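Participant: give me the fold of what follows.
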Amino acid sequence: MDILSLRLFLRIAEISGITAAAQDLSLSPASASARLVKLEETLGVRLFNRTTRAVSLTTDGEVFLPYAQEMIEALETGLSAVKGQDANAEGRLRITLPGSFGRMYVVPTLAKFHARHPRVSLDLRLSDEVLDVVEGAYDLIIRNAPLVDSRLIVRKLASDRRILVASPAYLKRYGVPATPDDLAKHQCVCLAGATKWTFENGQTVSVPQSFVVNDGEALRKMVEQGLGIGVKSLWNASESLKAGRLVEIMSDFPLASNTAIWLLYPSRRIMAPKVHAMIDFLIEQFQPVPPWEC
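Facilitator: Reported below is the predicted structural model:
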């Protein structure tokens, strides 16, 4: 498997044409076709669907694509290091991040990132599922959860303070709980599987499951509507708190939490410039004070 064949594969995938890709790399169409066949034989899979009118990636080709990009980028980074040059951030950057956090705090900053690094294209996967950075061939993961994967390099992006909130209308109708024990007398809106709330003083309370939902955004809206008391991350509730739609309660009894906003990436010796650029950019946006605490 040689570098020119990998470059050819990437170029064909980009422009969906073998002849045009061959011309871009100063190859004859016959030579390009032979290289592509040899690459497929080496991998043992068919990379492209070919017809007289079009060329498109097969499922196997789509799986192999980010790995081929990674190999080329690692080579270019190494060559730049040998020559004593700083490699430019370029290529496709695959990121997975939590849906709500991504929409609220990351997506609004991407125009600024693109202005700084116009040769980096972004492939974003917004999902609250904990996706595998290695199996998914992601360059970078933003995760809002406890850490369990030792294969990854980790950097803390921001803290994730959890608070108890309710709407002013709910508190006017049912009163304000003063201690964790008082929660038993109230309606509570819970995330599915999170009906026990633990406090920093060591106390754990099984709260009434008045409403259960499996989506954080839906939970916040239900609490805003006065359906009950809920646990929310400060980053998610901050705008509602500022607007008066939510009120923090029981601040004298802070919730215990082992989560934070983390940046995770595969533990490779060489980090692609595009990954380094995004990490530096995100650190700049969220440190030393994250936007929800400003």
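
Participant: what is the burial count for Ile261?
Facilitator: As a burial measure, Ile261 scores 22 neighbours (other Cβ atoms under 10 Å). Glycine gets a C-beta too; all of them are placed from N, C-alpha and C.

Participant: quickly run through the sheet partners of the helix or strand hosting it, with directions.
Facilitator: Assigned by DSSP states H and E, Ile261 falls within strand 260-266. As defined by DSSP bridges, the strand partners of strand 260-266 come to strand 140-144 (antiparallel), strand 152-159 (antiparallel).

Participant: so how far is Trp197 from Ala256?
Facilitator: Separation of Ala256 from Trp197 (Cβ to Cβ, to the nearest Å): 9 Å.

Participant: okay, these two: which has more neighbours?
Facilitator: Set side by side, Ala256 and Trp197 show unequal neighbour counts under other Cβ under 10 Å, the larger going to Trp197 at 22 against 13.

Participant: isn't that one right up against Leu183?
Facilitator: Yes - at 7.4 Å, Trp197 and Leu183 qualify as touching, with contact defined as Cβ atoms under 8 Å.

Participant: which neighbours do the two have in common?
Facilitator: Contact criterion Cβ atoms under 8 Å, 6 or more residues apart in numbering; residues shared by Trp197 and Leu183: 205, 207.

Participant: could you check the pLDDT of the closest residue to Leu43 other than its chain neighbours?
Facilitator: Counting by Cβ to Cβ, 6 or more residues apart in numbering, Phe64 is the residue found nearest to Leu43 once chain neighbours are left out, at 6.8 Å. The per-residue pLDDT reported for Phe64 equals 91.

Participant: need the contact list for Phe64.
Facilitator: Taking Cβ under 8 Å, 6+ apart as the definition, contacts of Phe64 comprise 9, 43, 45, 47.

Participant: secondary structure class for it?
Facilitator: Applying DSSP: H, G, I helix; E, B strand; the rest coil to Phe64 yields a three-state assignment of helix.

Participant: all helices for the stretch 151-294 of the chain, in order.
Facilitator: Taking DSSP state H, counting those that start in this stretch as the test, the helices found in the stretch 151-294 of the chain are 168-174, 216-224, 234-243, 273-286.

Participant: nearest to Gln23, of these?
Facilitator: helix 273-286 (26.7 Å; Cβ to Cβ).
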